[in-house]
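Enquirer: Whatever this is, show me its structure:
(one chain, ligands or ions: 2)
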Amino acid sequence: MTTSTRPAAIERSALAPGAMRGALAAVEPRAAADPGAIRVVRAPGRVNLIGEHTDYNLGLVLPAAIDLEIRIAFVPTDDRRVELVSGGTGERAGFDLDAIGPRRGAWIDYVAGTAWALADAGIATRGLRGIIVSSLPTASGLSSSAALELASAWALADEPGGGVAPIELARTCQRAENAYVGVNCGLMDQFASACGVAGDAVLLDCRSLEFRPIALPLATHTLVVIHTGSTRSLTTSQYNVRRAQCEAAAAALATSDPAIQSLRDVTPAMLPRIRDLVGDDAFRRSRHVVTENERVADTIEALATGDIAALGRLWAASHASLRDDFEVVSPELDALVEIASAVPGVAASRMTGAGFGGCTINLVERGAVSDLRTAVDARYRARTGLQPRVYAVDAVDGAGIVAG
Ligand code: ADP
Ligand code: MG
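Expert: Residues are numbered from 1 along each chain as shown. Ligands and ions are numbered 1, 2, ... in the order given. Below you'll find the model as predicted:
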């Protein structure tokens, strides 16, 4: 058996509030002494349906929050001390809210950075003792970092969600990742984890920060995430190179047209000018971003009219553009898309997230999910030597408190 439709049952059941309370009580005497004080918060991972590498170019993205998520069970304390156990490894780490200090180069940075960013935004925080439990694969392009930040924000903030709009909390968590952890990501991941809507994708305009839910054809289709079995490599350095190339192209155009502040302001008709101003690499990066924004708008149209065939063509074009122009598609991602696209009933397939490994997203007719699984089982491992994982996922609400 090389794939599973869901995370292993033991992982899923470990996220149940009762199980999390028990796990916390086992490692934290305060929780054992006062089980009634235990709170549980959650924050989902995300898939991006289309609009890749557009967020930091102030363009359009269409993510959905998914039911693979991070939960934190905790007891609030008044000692300004944060201590957490990572349920996956049993590793314990912590910090003082009044002396957070610099990043350490470890997972606790995502929590400490969130505490720092909350305080910097004037949001009151509290100490806690807690345990993190996750069903979300890490470093796989499903945004476990953003989910950890949002779950941390909900646990650390005195008021529910910090008493601010979810998109504001997302921006605070993005700041944690940018300025404290040191990853120069756009807003999409934190936005999706904060503002997800059950059953829908959410369109975000990264320039105006306007967003709205977009209905998905889930009566007839299922979202299927397929993990290549390879964690992302070279991501941070390559990501930064891509980002710099996009910024350089926009800056080159701005010398003759000051209205251009980012690639969002560039239309397809302006692309030939970029070709004259910058090198071939920066031109192709720009062409991806400019055409990808158009594909997001066209995907919204296709979803509104129920044109599933057009959706398939748009996702295929997005994947090809990410492979040929943006050059972030690994051979494994390409193999998964090729295998999936050949399965009748797979309506659309493309890589999702930053690329260089990680996952694909597929829109699959409900009756064809098992055929897709069979095809991946039969062909992917033989071709790559890697173990894939297949997750049928639901679109869920953004981060919050878990009742019960
Ligand atoms: P992605 O966001 O695509 O999953 P990143 O490299 O941005 O990948 O973030 C992954 C990092 O987030 C991990 O290396 C770890 O530091 C942190 N992280 C994610 N999930 C957990 C968890 N359950 N417990 C502790 N740290 C986690
Ligand atoms: Mg991340």
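
Enquirer: hang on, V82 packs against L118?
Expert: No - under the criterion of C-beta atoms under 8 Å, V82 makes no contact with L118, lying 11.4 Å away. Quick note: C-beta positions are derived from backbone N, CA and C, even for glycine.

Enquirer: which residues do those two both contact?
Expert: Here V82 and L118 share the contacting residues L156, scored by C-beta atoms under 8 Å, 6 or more residues apart in numbering.

Enquirer: Closest residue of the stretch 251-400 of the chain to ligand 1?
Expert: Nearest to ligand 1 in the stretch 251-400 of the chain, going by C-beta to the nearest ligand atom, is G353, at a distance of 6.1 Å.

Enquirer: give the contact list for that residue.
Expert: When contacts are counted by C-beta under 8 Å, 6+ apart, G353 touches V47, N48, E52, S140, G141, L142, S143, C359.

Enquirer: and of those, the nearest to V202?
Expert: Checking these against V202 with C-beta to C-beta, the nearest one is N48 at 10.5 Å.

Enquirer: residues touching the closest one, list them.
Expert: Residues in contact with N48 (C-beta under 8 Å, 6+ apart) are V61, L62, P63, M188, A192, T352, G353, I361.

Enquirer: Could you rerun that using 7 Å?
Expert: By C-beta atoms under 7 Å, 6 or more residues apart in numbering, the residues touching N48 are V61, L62, P63, M188, T352, G353.

Enquirer: That one and G400, how far apart?
Expert: The gap separating N48 from G400 is 21 Å, by C-beta to C-beta, to the nearest Å.

Enquirer: Quick check: which element contains the nearest residue to Y180 once chain neighbours are set aside?
Expert: The spatially closest residue to Y180, leaving aside those adjacent along the chain, is G113, at 3.1 Å (C-beta to C-beta, 6 or more residues apart in numbering). Element membership for G113, per DSSP states H and E: helix 108-120.

Enquirer: got the buried residues for that helix?
Expert: Buried positions in helix 108-120, judged by neighbour count with 16 or more other C-beta atoms under 10 Å: I108, D109, Y110, V111, A112, G113, T114, A115, W116, A117, L118, A119.

Enquirer: Stretch 40-49 now?
Expert: When neighbours are counted by 16+ other C-beta under 10 Å, the buried residues of stretch 40-49 are found to be V40, V41, R42, A43, P44, G45, R46, V47, N48, L49.

Enquirer: Is the fourth one in contact with S193, as I believe?
Expert: Right, A43. Yes - the pair formed by A43 and S193 meets the contact definition of C-beta atoms under 7 Å, at 5.0 Å.

Enquirer: for the buried residues of helix 108-120, which one is nearest R295?
Expert: Here the nearest of the buried residues of helix 108-120 to R295, counting by C-beta to C-beta, is Y110; it sits at 31.1 Å.

Enquirer: For that closest one, list the residues it contacts.
Expert: Under the contact definition (C-beta under 7 Å, 6+ apart), the residues listed for Y110 are S145, L148, E149, S152, V181.
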